[in-house]
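In: A predicted structure for the sequence below; I have some questions about it.
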Amino acid sequence: MGKDQNYQPQRQDVIVFHPSEKLKELDPNPADYYTKRIIGLPGETVTIQGGIVYINGTPLVEDYLAENPDYEFKSPVIPADQYFVLGDNRNDSFDSHIWGMLPRKNIYGKAYKIYWPLQRVRSLLNTD
């Protein structure tokens, strides 16, 4: 898999990335690649409270969730060149609320298709 050098991370993009060092510390047998959704951008704070994600205090509209998160979380300010990522299956996702920020250098690019399980195969590209 080649890294997309032109990709500019945007909020709510589903991305493919290589595990961060902190993720590897918590999982001694990490996968080579992970897929999560970008939620927080550099300079922002992310708060999860009452099943809602807030960016700098503003609720985030998320019509793609399997279920609302059943945990509470408050991030520090996200450092430059780092991102806060969450899985869409919030309550079963090993993501930034557990292992912290994802460095930009670990991002390979934007995911463009779901191919498994077969009943969920579809494009992730915006078709508007």
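Out: Arrived safely.

In: can you point out the buried residues in the lengthiest strand in the chain?
Out: Among the segments of the chain that qualify as a strand by DSSP state E, the longest is strand 34-40. By neighbour count, with 16 or more other Cβ atoms under 10 Å as the criterion, the buried positions of strand 34-40 are 34-40. In this view, the C-beta of every residue, glycine as well, is placed from N, C-alpha and C.

In: okay if I get those residues as CSV plus distance to residue 9 and pLDDT?
Out: Below are the buried residues of strand 34-40 laid out as CSV (distance: Cβ to Cβ, whole Å; pLDDT from 0 to 100):
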residue, distance to residue 9, pLDDT
34, 14, 93
35, 14, 93
36, 11, 95
37, 11, 96
38, 5, 98
39, 11, 98
40, 11, 98
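
In: which SSE is residue 71 in?
Out: Secondary structure here is read from DSSP states H and E; on that basis residue 71 sits in neither a helix nor a strand.

In: repeat for residue 23
Out: Here residue 23 is covered by helix 21-26, with elements defined by DSSP H and E.

In: is the residue positioned nearest the centre of the chain bridged to anything, and to what?
Out: By Cα atoms, centre = their mean, the chain has its centre lying nearest to residue 85, at 2.4 Å. Residue 85 has these beta-bridge partners by DSSP bridges: residue 38.
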